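J.: Build me a structure from this.
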Amino acid sequence: MKTDYLTPVTGGQTALPVIIAYPDWRSMLVVLLSYGLGVDSSVILTRWLLDPTSRDFPLSALTVVTSMVGNEFPDSKELVEKHLLPLMREAGVRYVQLGKEGPTSKDWVVLSDSRETDTLYMEGGGFTLEDESFFTGTNPQYGGIRKCSLKFKGDVLDPWMEKDLGQTNFRHVMGFNADEPRRVLKDKSFSRASRLSEYPLVEWGWGREKCESYLEETFGEPWAKSCCYFCPFANNRDGIEAHMARLAKYPKLAAKGMLMERITEALNPRQFLFAKKGWGDDFQATVENYGQTEALKAFEQLLAETEWAVYRVRRLWAGKTSAQRSLVAEATGTRAEMEAKLAELAATLGVEVTEAQRTKVLYLADKPEEFPGVEELYAVCPAVPKDKQSKTFEEKWEAATPKRRLPLVA
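T.: The predicted structure follows:
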């Protein structure tokens, strides 16, 4: 039996020492809390810090870890630094902050590893999800698997755990609440021999409403949702109003989100930052609908200050959802100059320029209905994405389009 002498903190006040006995073998294991800064995981951490009876392990066994995506709202930083970091410091809880410093799964870095943490490194490790989205001319997707989470959380946390824990058995605590049984089942599928997955909120029977009320009662103010300012999952009936109200406080972030979407829609008019789902609209239209004039002014200023380009976009489609892309900037200059270039090319080819999602686009081959097939277009948009093409793309393109010989932008 392990006995731990704890000094619980309640409402910022230090109480008398409490003796807690931990008879369970699990109390001897490392307890790893994946902390996303949001409501659910903050509830777990807060209750553990303030109520020793809510846990079956000593705080000395706890490691809290966060993978910083780099694009969280500033108020998340303010809340955690104001309320939770002081409690963690007083309790001597180990807090590890990680980030990405490059695009590959090997490019992760430890930003901080301390039991006296006083700062959140929200900017990440030098390469953020925003960076990847702008450089590739894409944005996070609402449908399918959450690639953004896999790349900027999973690809960071997994190698760190392997290095820090090795083959050591550990308890991995996730902040899924009692309203999320599907997420729990999915997470359990990732279990391995050394990982004992646990979901305290499910065990407590605490759903989202209970979690939100607990934090507000404890700290005297509502806890903000953890998400990037351009999160596509914010566009739903339950969350869009709160997301837009929050975004109104940061018009420059909203402007960057609209810039991201403008670029993405130009290079792939089928792709939106906010999916158009019958009742909803894309990101810019949503900002407009909520009357965020400061954000729209900041966006127009961004468009005026940014260099523009004519991009040639080609895709080799192997199937309905599988394509290899080539992206090349054929010319750069002002917006007016690039639209004139596109008009010249259209006249040369005898093809009309179309207006697609607020951008000038020249379609030469639309997405095929039968596969394999090709797609090709020229688009005018801000010159932010980097040229990207595999070494074998041209050879494959020539094989797929033996009779296609088109002039590039002069």
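J.: What is the neighbour count of Lys147?
T.: When neighbours are counted by other CB atoms under 10 Å, Lys147 registers 14. For glycine as for every other residue, the C-beta is placed from the backbone atoms N, C-alpha and C.
J.: Is it correct that it is in contact with Thr138?
T.: No: taking CB atoms under 8 Å as the definition, Lys147 is not a contact partner of Thr138, at 9.7 Å.
J.: can you pull the pLDDT of the spatially most central residue of the chain?
T.: Central residue of the chain (CA atoms, centre = their mean): Cys148, 5.0 Å from the mean position. What the model reports for Cys148 is a pLDDT of 83.
J.: my guess is it contacts Glu130, does it?
T.: No: in this structure Cys148 lies outside contact range of Glu130 using CB under 8 Å: 10.4 Å.
J.: Can you give me the domain assignment for the protein?
T.: The chain breaks down into these domains under automatic domain parsing: 2-219, 232-304, 306-400.
J.: Run through the strands of the stretch 101-250 of the chain in chain order.
T.: Ranges of strands within the stretch 101-250 of the chain are 108-114, 170-173, 195-198, based on DSSP state E, counting those that start in this stretch.
J.: quick revisit: nearest to Lys225, of the domains of the chain?
T.: Taking CB to CB as the criterion, domain 2-219 is the member of these that comes nearest to Lys225, at 5.6 Å.
J.: Name the spans of the stretch 301-410 of the chain whose pLDDT lies under the cut-off.
T.: Per-residue confidence of the stretch 301-410 of the chain (counting by pLDDT under 70) places the weak regions at 403-410.
J.: One more pass at 80, please.
T.: By pLDDT under 80, the weakly predicted segments of the stretch 301-410 of the chain are 356-357, 402-410.
J.: Can you check which of the strands of the stretch 101-250 of the chain gets nearest to Ser34?
T.: When the strands of the stretch 101-250 of the chain are ranked by proximity to Ser34, the top entry is strand 170-173, at 6.9 Å, counting by CB to CB.
J.: Within the sheet, what are the partner strands of that closest one, with directions?
T.: Using DSSP bridges, the neighbouring strands of strand 170-173 in the sheet come out as strand 30-34 (parallel), strand 195-198 (parallel).
J.: can you redo these as CSV with distance to Tyr121, mean neighbour count and mean pLDDT?
T.: Written out in CSV, the entries for those read as follows (distance: least, CB to CB, whole Å; neighbours: other CB atoms under 10 Å; pLDDT from 0 to 100):
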stretch, distance to Tyr121, mean neighbour count, mean pLDDT
strand 30-34, 17, 21, 96
strand 195-198, 26, 16, 91
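J.: Which one, of those strands, ends up nearest to Glu376?
T.: Counting by CB to CB, Glu376 lies closest to strand 30-34 out of those; the figure is 43.0 Å.
J.: Identify all contacting residues around that closest one.
T.: Strand 30-34 is contacted by residues 41, 44-45, 57, 61-66, 157, 161, 165, 168, 170-175 when judged by CB atoms under 8 Å, 6 or more residues apart in numbering.
J.: chain center to that strand: distance?
T.: Relative to the mean C-alpha coordinate of its chain, strand 30-34 is positioned 22 Å out (CA atoms, centre = their mean, to the nearest Å).
J.: which secondary structure elements does the following helix or strand past it contact?
T.: Secondary structure here is assigned by DSSP states H and E; on that basis, the next helix or strand after strand 30-34 toward the C-terminus is helix 39-50. Judged by 3 or more CB pairs under 8 Å, 6 or more residues apart in numbering; DSSP states H and E, the packing partners of helix 39-50 are strand 9-10, strand 30-34, helix 85-91, helix 200-204, helix 208-219.
J.: Would you mind getting the angle between helix 39-50 and strand 30-34?
T.: Helix 39-50 runs at 140 degrees relative to strand 30-34, counting by axes from the mean of the first three to the mean of the last three CA atoms, to 10 degrees.
J.: what's in contact with helix 39-50?
T.: Helix 39-50 is touched from outside by 8-11, 33-35, 54-55, 59, 62, 64, 80, 83-84, 87-88, 91, 93, 173-177, 200-201, 206, 208, 211-212, 214-215, 218, 223, 225-226, with contacts defined as CB under 8 Å, 6+ apart.
J.: Is it possible to mark the buried ones in those residues?
T.: With burial judged by 16 or more other CB atoms under 10 Å, the buried subset of the contacts of helix 39-50 is 8-9, 33-35, 55, 59, 62, 64, 80, 83-84, 87-88, 91, 93, 173-177, 200-201, 206, 208, 211-212, 214-215, 218, 223, 225-226.
J.: related to what we said a few turns ago, please name whichever of the strands of the stretch 101-250 of the chain is nearest to Lys153.
T.: Using CB to CB as the measure, strand 108-114 is the one of the strands of the stretch 101-250 of the chain that comes nearest Lys153, at 10.4 Å.
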